[in-house]
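1. Provided below are the primary sequence and the corresponding predicted coordinates.
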Amino acid sequence: MTDRHSIRRALSISAVLVGLPLWLVTLPLWVVGATIADLIGGLRRLPTVRLIAFLGVYLVHDWIGIAVGGWLWLTGRFGRRLDLDRHRRVQGWWGTSLLNWAGRLLNVRLDLDDLGRLPSNTFVMLSRHASMIDAVVPVTLVATRMGRFIHYVLKKELRWDPSLDLFGGRLGNHFVTRGGDTEAEEAAIERLAADAEPDAALVIFPEGTYSTPGTRKRVHASLERNEEFEALARAKALETLLPPKPAGTLAMLRGQPEADVVVVGHVGLEGVAELKGLRQRLPLTHPVIVRWWVHRRAELPTTEAELIDWLGDRWEELDRWVEAIQAERRVSPSV
């Protein structure tokens, strides 16, 4: 580990260790202030109070993650012989418990597809990305409910979360440096896929970031500046999603040349990637509908150019599905 990484880890762990006691000491002030702000804003379901409570839950989970991660490192001969299956179980507990608490505090309820439809062998999971909540869903499904390993491609900034940093690195996740050396990043993702544990799920979010009105506008502007007019037309045709970036997906498929592909979509987390949206939409009033479409590898095109078109087509289909569910909910709010 480089000095820079050691400094980051020391700072992030210290922040969490100090943050939880500080949260407890200042909690009455936060609750009173948040309650007043919610009521003045006409938010009678007190979303800010709920978010403050969830922050405390998150800090508790990170405390546990730090403690258990340290213990597993010590019992693993100071990191030389780590028990990865124990790490997988802790990873699954961490994600599942956070999702359960999101259900209690924020009314996040999942309407899930049939787990039995997911491939039994290693597969690549391409997921829509609308918030941190949808990032936790795959680990809950795969690590906890299916008892299998899961490897993520995540943005590097998430290493500031101590639990994600400690367990993510040990379990073979890759943290992408956005704007870095593209060839090096693709090579790292390809190695992640090639070195995956048997029958694992390989998760990537092809949009690269949350789809919000702001990110959609920035993507369109970037494509226009670069005179990528065909890609711009496809991006503007999407009503809800961002256009998928193909490089990471192609790298995963190169690393696992026989893996099936699962496209994951969900509806119900729109608008919660930003603080204003969180306060307006929480607690959720509808279940989060999660569905997946399995594509057998033998049915996929073989050239990279064809795969890029194939991925774009899948995202257009996913966008239409999301828009249809949203339209149905606008017509029948109780759905």
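-> Looks like it arrived, so ask away.
2. among the helices and strands of this protein, which one scores worst on average pLDDT?
-> Taking mean pLDDT, DSSP states H and E as the measure, helix 275-281 is the helix or strand of the chain with the lowest mean score, a mean of 78.
3. remind me what that helix packs against, helices and strands.
-> helix 47-75 (3 or more Cβ pairs under 8 Å, 6 or more residues apart in numbering; DSSP states H and E). For every residue, glycine as well, the C-beta is placed using N, CA and C.
4. next secondary structure element downstream of the helix it packs on?
-> Counting by DSSP states H and E, the next helix or strand C-terminal to helix 47-75 is helix 84-106.
5. now do the buried residues in that next one.
-> 87-88, 90-99, 101-102, 105-106 (16 or more other Cβ atoms under 10 Å).
6. can you pull up the most central residue in the chain?
-> The structure's the chain has its C-alpha centroid closest to residue 135; by Cα atoms, centre = their mean the separation is 2.0 Å.
7. so that residue touches residue 129, yeah?
-> Yes: assessed by Cβ atoms under 8 Å, residue 135 is found in contact with residue 129 at 7.3 Å.
8. which neighbours do the two have in common?
-> Common contacts of residue 135 and residue 129 (Cβ atoms under 8 Å, 6 or more residues apart in numbering): residue 205.
9. just give me the longest helix of the chain.
-> helix 3-40 (DSSP state H).
10. please state the offset of it from the chain centre?
-> A distance of 22 Å separates the centroid of the chain from that of helix 3-40, by Cα atoms, centre = their mean, to the nearest Å.
11. so what does it touch, helix or strand wise?
-> Counting by 3+ Cβ pairs under 8 Å, 6+ apart, helix 3-40 packs on helix 47-75, helix 162-170.
12. repeat that for 10 Å
-> Contacting helix 3-40 under the criterion 3 or more Cβ pairs under 10 Å, 6 or more residues apart in numbering; DSSP states H and E are the following elements: helix 47-75, helix 162-170, helix 275-281.
13. show me the strands in the stretch 151-300 of the chain, by range?
-> With DSSP state E, counting those that start in this stretch as the criterion, the stretch 151-300 of the chain has strands at 174-176, 201-204, 260-267, 288-295.
14. between the two ends of stretch 206-215, what distance do you get?
-> End-to-end distance of stretch 206-215 (Cα to Cα, to the nearest Å): 14 Å.
15. would you mark the buried spots in that stretch?
-> Buried residues in stretch 206-215 (16+ other Cβ under 10 Å): 206, 207, 208, 210, 211, 212.
16. from residue 128, how far off is the residue lying closest to the fourth one once chain neighbours are set aside?
-> Excluding the flanking residues, the one nearest residue 210 by Cβ to Cβ, 6 or more residues apart in numbering is residue 273, at 3.8 Å. For residue 273, the distance to residue 128 (Cβ to Cβ, to the nearest Å) stands at 12 Å.
17. anything in contact with each of the two?
-> Taking Cβ atoms under 10 Å, 6 or more residues apart in numbering as the contact criterion, the common neighbours of residue 273 and residue 128 are 134, 210, 211.
18. so can I have TSV of these showing distance to residue 196?
-> Formatted as TSV, these follow (distance: Cβ to Cβ, whole Å):
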residue	distance to residue 196
134	21
210	26
211	27
